[in-house]
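# no sequence on this one, just coordinates:
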């Protein structure tokens, strides 16, 4: 058996990021940059006022001084003159500070009377002025390659004057459920059959990771049908299979794919819930074979597919993010398999507390949807007591 | 001045969830349910095997017993007979347990020889059988109204045999940036002008919250243009304005909207970064007026718009989720305004440590994009020392 970490590393080693495409800035949210974004201008472009008020010379800004207001410069309507001694210019947040002025008197500290104003607070040189380039200068690299763009990033890229962004193409992920017992939701269920849940759960996981799912028709337990599914997945960046439990997990898929040139790694992973995992290549096409059990399939999706799709998207493909939580109830010592216990979370002072379910049966999909997190239990972890810290993967924030 | 909490409550009180629509299960990820989802079948539908192996009578399962294998039942191909004394049926994970049998001998504990098998491990009655309805029973409510669907939920809904889901329509959010100084990215920048970043950053925020943004053309500082923008936003669920800083924040927008029947609340909120916030109604259309400053606009978006869009989507509209972090450097006592300090995070044993930026200038959009979180500082918070717990809002997991 190999460890979860080794399995993940071996999958990632077989994947390369998709090529680049251009998207409109308005479509770039959550996309992953394939090139750095450099500033096309300096921000602010000139020294500007940080407040609504008056530009003047600090030397004129003594308490009680009277100044003549020589004009007004709303943002977007710069004033082209020069401020002389005893003069002030009305301006607003973002207005360019005129030549000759070196300070801002905020409007709350001024009494305006027609073309004149009185200074009610001593003015300090340079106060309330944002210097040219304070945020960034033309040519600065603002966003690195390989960043998943946030709403803030979209704002920064806009402010740097880019209408287009170079990003990795969304990975296309083909999803194949197989098994004679499988029906799609709403379709007639064969005798002894069940409704397929893995395909659409995994498709949602692919979307959550920024990929583009392609759900193939459910394949019967038939070599020709399974082989044709491989052909349908050509041009995708990854093929995921799930199930094939009817005649021994994976066996028929292996046989059928062998005729399409499958080069296979077939692993026992020291984990729970989980079963043997397939990883291999069909020519150019990498494939991952997941267990048919819905809970195992989703946990393997979180541990292996999420990093895999991220790697294909141009990210590192790190392990799912973990945080520390306080354990609410005792846990026994673990055996040689990494365990992933379903648990709820509740807020406690200074953090969160994880409450593992009493039942951890891997066939209970309903219980899985009630979980807020997976508690990670390392192989051979010693028994844990209430109050101990455990590492958890929060599921809802991932959309999973 | 009013508190952040009061402002948020007053905005939420003015909003009602959108009506329901039907979407295909494949399109339902992250949508919010507008009706409960009940199971259309029982899962498992009958008692099924939890393992690959043989079904038999426990009374026949003594160590060393020899049994006759009377047939095979792959999942999806149920065996219709009855297991008699001295008989066993080959079956697989998910296969229906036949009449007469009450136990499963797993295949690792059997030696098969033609039509016969030897029992190598004592069989316990009921072992390795999943009972009918163990996961859920027909009619059980599996998903409540008002839940944002995860990938796991999609799987559960599929397994309960639903091809369609009833969800709230995505809220349509109109976004209006105004100001003579504003240019769109890639377009000519007027003298003293800047490139508009708020519209597209807010549009991305709307997407992150599950809304559908409609970005209106930038409005000049002109009453007729601003009034026409209100007409363009009719049919939306919310109008967001930003800016109008050129002649006093919000003043012109207020005047222009008054002619369209604006009923206005205009608030000073005790927060930083932030400025006066407008909230009102234009007939049926609620509106929120945000500051023009990009950092203030985004922080107000996180604190007020995210809950507002969630409320429109059919969720509660809770305050953004916070977690506890350990403070890395001292913070002075706070004044009367709730502060939102930009900070990076690093992992430490048992949690995360927040490192506030030295500079908190609200004009620095680039610095905002470098932040991992906002540290929440309550009004009149006392000075904090390194090692103290603070509450933070993580930004990246929100896509913000």
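Arrived safely. What you see is a predicted model; the values in this text were computed from it and never measured. Residues are numbered from 1 along each chain as shown, chains lettered A, B, ... in the order given.

# for the closest residue to residue A:104 other than its chain neighbours, phi and psi?
Excluding its sequence neighbours, the residue lying closest to residue A:104 (C-beta to C-beta, 6 or more residues apart in numbering or on different chains) is residue A:128, at 3.7 Å. Where you see a C-beta, it was placed from the backbone N, CA and C, and this is true even at glycine. Phi and psi for residue A:128, reported as degrees, to the nearest 10, are phi 60, psi 20.

# wait, residue A:128 sits on residue A:49?
Yes. The pair residue A:128 / residue A:49 is scored as a contact, 6.3 Å apart, by C-beta atoms under 8 Å.

# Give me every residue in the stretch 301-400 of chain A that's in contact range of chain B.
A:301, A:321, A:323-324, A:349-352, A:361, A:363-369, A:371, A:389, A:395-400 (C-beta under 8 Å from any C-beta of the partner chain).

# show me where pLDDT drops low in chain A?
Applying pLDDT under 70 to chain A flags residues A:244-250.

# Which residues are in contact with the residue nearest to residue A:104?
Residue A:128 is in contact with A:49-51, A:53, A:103-104, A:106, counting by C-beta atoms under 8 Å, 6 or more residues apart in numbering or on different chains.

# cool, residue A:333 as well?
Contacts of residue A:333 (C-beta under 8 Å, 6+ apart): A:380-383.

# repeat for residue A:25
A:154, A:157-158, A:162-165, B:185, B:200.

# quick check, nearest of those to residue B:306?
residue A:154 (15.5 Å; C-beta to C-beta).

# Please tell me I have it right and that closest one contacts residue B:207.
No. At 9.6 Å, residue A:154 and residue B:207 do not qualify as touching, with contact defined as C-beta under 8 Å.

# Between the two, which has more neighbouring residues?
residue A:154 (27 against 21; other C-beta atoms under 10 Å in any protein chain shown).

# one step back: shared neighbours of residue A:154 and residue B:207, anything?
residue A:29.

# Tell me, how many residues neighbour whichever residue of the stretch 1-150 of chain A sits closest to chain B?
Of all residues in the stretch 1-150 of chain A, the one sitting closest to chain B is residue A:76 (2.7 Å; C-beta to the nearest C-beta). If you count neighbours by other C-beta under 10 Å, residue A:76 ends up with 24.

# Next one: it relative to residue B:182, how far apart?
Note on residue A:76: its distance to residue B:182, by C-beta to C-beta, to the nearest Å, is 7 Å.

# Need the residues touching each of the two.
Joint contacts of residue A:76 and residue B:182 (C-beta under 8 Å, 6+ apart) are residue B:193.

# Skip ahead from the longest strand along chain A and say which helix or strand is next.
Counting by DSSP state E, the longest strand found in chain A is strand A:338-348. Note on strand A:338-348: by DSSP states H and E, the next helix or strand toward the C-terminus is strand A:351-356.

# Note down every partner strand of that next one and its orientation.
strand A:323-327 (parallel), strand A:338-348 (antiparallel) (DSSP bridges).

# what element comes up after it heading to the C-terminus?
In N-to-C order, the element after strand A:351-356 by DSSP H and E is helix A:365-370.

# buried ones in that following helix?
A:365-369 (16 or more other C-beta atoms under 10 Å in any protein chain shown).

# How far does that helix sit from its chain's centre?
24 Å (C-alpha atoms, centre = their mean, to the nearest Å).

# what's in contact with that helix?
A:197, A:294-295, A:298, A:342, A:344, A:357, A:359, A:361, B:43, B:135-136, B:142-143, B:150, B:152-153, B:155-156, B:159.

# which residues touch residue A:122?
Per C-beta under 8 Å, 6+ apart, neighbours of residue A:122: A:61-63.

# where's it relative to residue A:65, distance?
Counting by C-beta to C-beta - residue A:122 and residue A:65 are separated by 9 Å.

# Now, the contacts of helix A:365-370 that are in strands?
Secondary structure from DSSP E places A:342, A:344, B:142-143 of the contacts of helix A:365-370 in strands.

# quick one on the thing from earlier: quick one: buried residues of the longest strand of chain A?
By neighbour count on 16+ other C-beta under 10 Å, the buried set for strand A:338-348 is A:338-343, A:345.

# do the same with stretch A:33-50
Going by 16+ other C-beta under 10 Å, stretch A:33-50 has these buried residues: A:33-34, A:37, A:39-45, A:47-50.

# Greatest separation within the residues you listed: which pair is it?
A:34 and A:49 (38.4 Å).

# quick one on the thing from earlier: rebuild the strands paired with strand A:351-356 as CSV, extending it with distance to residue A:226.
CSV is the format used below for these (distance: least, C-beta to C-beta, whole Å):
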stretch, distance to residue A:226
strand A:323-327, 41
strand A:338-348, 29
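
# Could you please give me the overlap between the contact lists of residue A:128 and residue A:49?
residue A:104.

# measure residue A:46 to residue B:390 for me?
When residue A:46 is compared with residue B:390 (using C-beta to C-beta), they lie 37 Å apart.

# Residue A:110 and residue A:310, how far apart?
Residue A:110 is 55 Å from residue A:310, by C-beta to C-beta.

# What residue in the stretch 201-350 of chain A comes nearest to chain B?
Counting by C-beta to the nearest C-beta, the stretch 201-350 of chain A gets nearest chain B through residue A:201, at 3.0 Å.

# returning to that earlier point: of the contacts of residue A:333, which count as buried by neighbour count?
By 16+ other C-beta under 10 Å, the contacts of residue A:333 give residue A:381 as buried.

# Show me the contacts of residue A:333 that map onto helices.
Assigned to helices by DSSP state H, none of the contacts of residue A:333 qualify.

# For the contacts of residue A:333, work out which two are farthest apart.
Maximum pairwise distance in the contacts of residue A:333, criterion C-beta to C-beta, is 11.2 Å, between A:380 and A:383.

# want to throw the buried residues of stretch A:33-50 into CSV with distance to residue A:305 and secondary structure?
Output for these, formatted as CSV (distance: C-beta to C-beta, whole Å; DSSP: H, G, I helix; E, B strand; the rest coil):
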residue, distance to residue A:305, secondary structure
A:33, 22, strand
A:34, 22, coil
A:37, 29, strand
A:39, 36, coil
A:40, 38, coil
A:41, 41, coil
A:42, 43, coil
A:43, 40, strand
A:44, 45, coil
A:45, 46, coil
A:47, 51, coil
A:48, 48, strand
A:49, 52, strand
A:50, 48, coil
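
# just checking, residue A:266 touches residue A:276?
Yes. In this structure residue A:266 lies within contact range of residue A:276 using C-beta under 8 Å: 6.4 Å.
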